[in-house]
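Asks: Starting from these lines, generate the structure:
(one chain, ligands or ions: 2)
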Amino acid sequence: MFKRIPGTKDILPEEVSRWQQIERIAHRIFTIYNYQEIRFPILEEASLFNRSLGNYSEVVQKQMFLTRSGKDIYALRPEGTASVARAYIENNLDKIKGLLKVYYIGPMFRLERPQKGRLRQFHHIGCEVIGSQDSSLDAEIISLADALLNSFSINDYQIHLNSLGCKKDKHLLAQIIQNGLKDKLDRLCADCKRRFKVNILRILDCKNKDCQETIKQLEIQDKHLCLGCKTDFEELKENLRLLKIDYQINPYLVRGLDYYTGMVFEITHKRLGSQDALGAGGRYDNLIEELGGHSTPAVGFAFGVERLLLVSNFIPYNLESKKLIYIITLDKEAKKLGLELMNNLRKKGFCVDTDYEGKTLKGAMRKANDLKASFVIIIGEDELKKGVFTLRDMLSGGQKQLNKEQLIQELNLGIGLKQQSAKNATYSYLR
Ligand SMILES: [Zn+2]
Ligand SMILES: [Zn+2]
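Replies: Ligands and ions are numbered 1, 2, ... in the order given. Reported below is the predicted structural model:
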């Protein structure tokens with residue numbers, strides 16, 4: 001028997017309604033904020049990620065799914081930002097669009113050792129804005145993340161905020177850490193000893209207790225920030241207060257990827273434990289240029305969908321709220337008529353199904369019950385003779401014999417109205 005690869009998941013029909021719900025809400029909220037969807041390939045040149053995430057980032061070092069085609073090395077995308085940046089440059093979107101606001105929803109891949117909460121194929125909902133350095137855009141991005149979480153019925157999350165500053169400031173920050181730690185290397189964990197040489201900022205968010213103690217003594221606040229970056233960061237904090245969005249300043253928040261500059265943020269949730277964020281993002285003002293485009297500032301974030309689903313309190317319900325009509329036919333002749341009726345009703349937009357398992361009337365009624373059908377239409381010998389259909393309202397248990405026109409009228413009344421009110425309910429919920 002074949003089994004799925006460790007670290008991958010089947011999303012079975014029972015679960016899929018929650019996924020669809022989260023996706024639908026995301027489409028709606030992004031639309032409210034005037035973002036357009038972008039879809040980019042799952043396969044990219046591996047060097048795109050080496051170049052953007054950094055050769056020494058954990059993702060590039062250990063987690064890339066690589067595949068070779070002749071001389072070329074491809075990677076299954078481990079995240080979305082690098083691909084959006086590549087698409088922006090390749091399609092000349094700077095000339096066509098000016099400011100670009102896009103979002104994406106889809107699978108990402110990392111070669112993780114399968115363990116609790118870590119998947120090799122997982123899903124991101126993310127967005128990027130390319131073409132503005134305005135710090136009020138940083139506030140929009142965080143408020144968008146906040147609006148998404150609220151709409152997903154997630155509460156008790158914390159927004160952690162920091163500023164790495166511009167490229168110069170980041171160098172200064174690295175220097176401050178280097179000078180502060182060079183005589184204390186023996187107090188750091190093995191990973192941090194390696195990071196000291198290749199990816200020094202990552203030492204700041206090491207989870208090791210001894211490392212954290214040592215780092216605290218450096219008293220890193222915002223002393224690495226230049227005046228411009230300091231002003232931007234102050235403005236962002238002021239705007240967040242204006243928007244009534246709670247945040248915590250965390251000077252040790254760096255994020256693991258090379259491309260981040262300026263504001264970075266991470267959103268955590270108690271129920272995920274200390275290791276795992278719901279999502280994260282920040283500015284990456286140099287990435288477009290580093291990938292061969294013009295110097296263009298940008299900002300974005302992504303949520304892990306599996307993690308959102310873990311902490312979301314929403315009650316799964318079908319936004320389309322389908323009302324199923326189930327047709328039961330009792331002989332060959334009735335089956336033909338049933339097929340025709342089903343086709344007719346489907347063309348009118350009703351959701352209709354019938355028994356394909358050769359069940360008895362009793363068995364088929366049980367099936368209709370399991371499927372939560374709103375109405376059952378029975379066609380048997382008696383109905384054929386009289387030229388009518390028996391319509392059973394599954395909620396009230398009431399049953400009547402109707403001709404075709406009466407039947408459609410009845411279904412329009414019974415289902416049309418219910419669907420209408422379901423739609424209104426959805427609308428007010430999303431509003
Ligand atoms: Zn700066
Ligand atoms: Zn460490």
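Asks: Next, residue 402: phi, psi?
Replies: Per-residue torsions, residue 402: phi -140, psi 150 (degrees, to the nearest 10).
Asks: partner residues bridging it?
Replies: Partner residues in beta bridges with residue 402: residue 389, with DSSP bridges as the criterion.
Asks: what bridges to residue 74?
Replies: When bridges are called by DSSP bridges, residue 74 pairs up with residue 45, residue 67.
Asks: how many other residues sit next to it?
Replies: Burial measure for residue 74: 19 neighbouring residues, criterion other CB atoms under 10 Å. For the C-beta atoms, the positions are set from N, CA and C on the backbone; glycine is no exception.
Asks: wait, isn't it in contact with residue 43?
Replies: Yes: in this structure residue 74 lies within contact range of residue 43 using CB atoms under 8 Å: 4.9 Å.
Asks: Overlap in contacts, the two.
Replies: residue 67 (CB atoms under 8 Å, 6 or more residues apart in numbering).
Asks: could you point out which element follows the helix or strand hosting residue 197?
Replies: Assigned by DSSP states H and E, residue 197 belongs to helix 190-198. Taking DSSP H and E as the definition, the helix or strand that follows helix 190-198 towards the C-terminus is helix 209-216.
Asks: Now whatever helix or strand comes next after that following helix: buried residues?
Replies: Following the chain from helix 209-216 toward its C-terminal end, the next helix or strand by DSSP H and E is helix 227-242. Neighbour-count burial for helix 227-242 flags 229-230, 232-233, 236-237, 239-240 (criterion: 16 or more other CB atoms under 10 Å).
Asks: so what secondary structure elements neighbour helix 227-242?
Replies: Packed against helix 227-242 by the contact rule (3 or more CB pairs under 8 Å, 6 or more residues apart in numbering; DSSP states H and E) you find helix 135-151, strand 157-163, strand 261-269.
Asks: quick revisit: in TSV: the buried residues of helix 227-242, plus distance to ligand 1 and pLDDT.
Replies: Shown next, in TSV, are the buried residues of helix 227-242 (distance: CB to the ion, whole Å; pLDDT from 0 to 100):
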residue	distance to ligand 1	pLDDT
229	3	96
230	8	96
232	8	96
233	9	97
236	14	97
237	16	97
239	19	97
240	20	97
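Asks: Quick check, pLDDT for the residue nearest to residue 140 when sequence neighbours are not counted.
Replies: Once its chain neighbours are removed from consideration, residue 140 has its nearest residue in residue 33; the separation is 7.1 Å (CB to CB, 6 or more residues apart in numbering). As summarised for this prediction, residue 33 has a pLDDT of 97.
Asks: who does residue 324 bridge with?
Replies: What pairs with residue 324, by the bridge criterion (DSSP bridges), is residue 351.
Asks: Look up how far residue 49 lies from it.
Replies: To residue 49, residue 324 is 46 Å away according to CB to CB, to the nearest Å.
Asks: out of those two, which sits in the more crowded spot?
Replies: Shown here are residue 324 and residue 49; by other CB under 10 Å, residue 49 has more neighbours (26 against 17).
Asks: Fine, thanks again, bye for now.
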